[in-house]
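# My questions are about this predicted structure, shown below with the sequence.
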Amino acid sequence: MKTEEFSGILRGFGSCRVAVVGDMMLDVYLWGRVNRISPEAPVPVVNIVNRTSCLGGAANVMRNVATLGARACAFGVTGCDSSGEELAAELKKYRIGVEGVMRDETRRTTEKRRVIAGVQQLLREDYEDLHAVPDGIRRAMVDRVAGLIRTGEVDAVIFEDYRKGLLADWMLEEIVSEARRAGVVTALDPKPESIAPVKGISVMKPNRSEAFALAGMHDSSEWVHPFEDRALAEVARRLLDAWEPEQLLISLAAQGMALFGRDGTVEVIPTRAREVFDVSGAGDTVTATFTLALVSGATPVQAAELANRAAGVVVAKVGTVPVHFAELEEALKEV
């Protein structure tokens, strides 16, 4: 595909409106230096010199949508705590709509706290509650998203499932049904053992390990080309039968991505990353870019190629970072 064709698709991003529904997180980074080993235990002593925070989980998908030039609307849950306030402030910083962000007094805001020395992650602390979000909050959220679909205020809905208690299969069923009637694109980044299959989603995007788990298969494959990977083909067949998505996009780490269509087509998009420092958030970037490309008129293969190049940008950085429109434009010059 020529650079001009990619650029034409990118120009459509600015008019896209995307609702992202899912488990939002606050990613906190404690940056420091290690000069000695602790006398108390055989562990490094980290002298913390800086603290930064950014959007993670579903909130990172929202951020990617925004930095690619589209309008993002957030639908998620925080706790009634300082981390929730910090997360909301980060959303507003990127001009992400927060009308759909609700507070749940029964839970903490999900926070992932990482300790970094140089470019090496030494430790991660997780603060989270995993019980189900009350159905009253879920009902209000579904009604809001469905209302936006019916009034033509969104072009796509992305579901980001990190198995933190927000999403339920009935929520997806209702929203996907509304979206199909309105011609709105839907995308799901799923987690195994979280929700039952929901049929008719536009694109389903698990990574390899998630895909095998969702299909109930153990991944014992040797390192073979995806076209020759019989186990991967069987996983795709099972997921296409159970979920009936229009497209199934499976990310394969260093092997790139494999795109499976309902019509039996298979496309393999090789990785475009030059250097890999940190894969945190790369899947979020893929989901956001693929969805925006579909809304902007790209074919599924074109959308996967764009998403692959966007992922190549973010894995070359440290931390959970989004891809910016200008960065993706620059990456496309190498086509």
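Yes, it's here.
# quick one: the strands in the stretch 201-335 of the chain?
203-204, 247-251, 257-261, 266-269 (DSSP state E, counting those that start in this stretch).
# As CSV, those strands with distance to Glu125, mean neighbour count and mean pLDDT would be great.
C-beta here means a position set from N, CA and C on the backbone, and glycine is covered the same way. Shown next, in CSV, are those (distance: least, C-beta to C-beta, whole Å; neighbours: other C-beta atoms under 10 Å; pLDDT from 0 to 100):
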stretch, distance to Glu125, mean neighbour count, mean pLDDT
strand 203-204, 31, 25, 97
strand 247-251, 27, 25, 95
strand 257-261, 31, 23, 93
strand 266-269, 35, 17, 90
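# Please name the residues that touch the residue sitting nearest the centre point of the chain.
The residue lying closest to the centre of the chain (C-alpha atoms, centre = their mean) is Asp284, at 2.5 Å. Residues in contact with Asp284 (C-beta atoms under 8 Å, 6 or more residues apart in numbering) are 57, 60-61, 64, 160, 189, 320, 322.
# Kindly recompute the last result at 10 Å.
Counting by C-beta atoms under 10 Å, 6 or more residues apart in numbering, Asp284 makes contact with 20, 22, 55-65, 158, 160, 189, 311, 314, 320, 322-323.
# Please apply the same query to Thr285.
So Thr285 contacts 60-61, 63-64, 67-68, 307-308, 310-315, 320-323, 328 (C-beta under 10 Å, 6+ apart).
# Quick check: the residue nearest to the centre of the chain vs Phe290, distance?
According to C-beta to C-beta, to the nearest Å, Asp284 and Phe290 sit 11 Å apart.
# Overlap in contacts, the two.
In contact with both Asp284 and Phe290: 158, 311, using C-beta under 10 Å, 6+ apart.
# helix or strand for the residue of the chain positioned farthest from its centre, which one?
Distance to the chain centre peaks in the chain at Pro39, reaching 41.1 Å (criterion: C-alpha atoms, centre = their mean). Using DSSP states H and E, Pro39 maps to neither a helix nor a strand.
# So which residues of the stretch 51-200 of the chain form strands?
Using DSSP E, counting those that start in this stretch, strands in the stretch 51-200 of the chain cover 71-78, 97-103, 111-117, 120-127, 156-160, 185-189.
# which one of the strands of the stretch 201-335 of the chain lies closest to Met141?
strand 203-204 (20.9 Å; C-beta to C-beta).
# hmm, who's touching the closest one?
Everything outside strand 203-204 that qualifies as a contact, by C-beta under 10 Å, 6+ apart, is 156, 158-159, 185-190, 197-198, 211, 214, 239-240, 243-250, 259-260, 287, 290-291, 294, 300, 303-304.
# Test my guess that Ala236 contacts Ala258.
Yes: look at Ala236 against Ala258 with C-beta atoms under 10 Å: they come within range, at 7.4 Å.
# Could you tell me which residues touch both of those two?
Common neighbours of Ala236 and Ala258 (C-beta under 10 Å, 6+ apart) are 211, 226, 229, 248, 250, 266.
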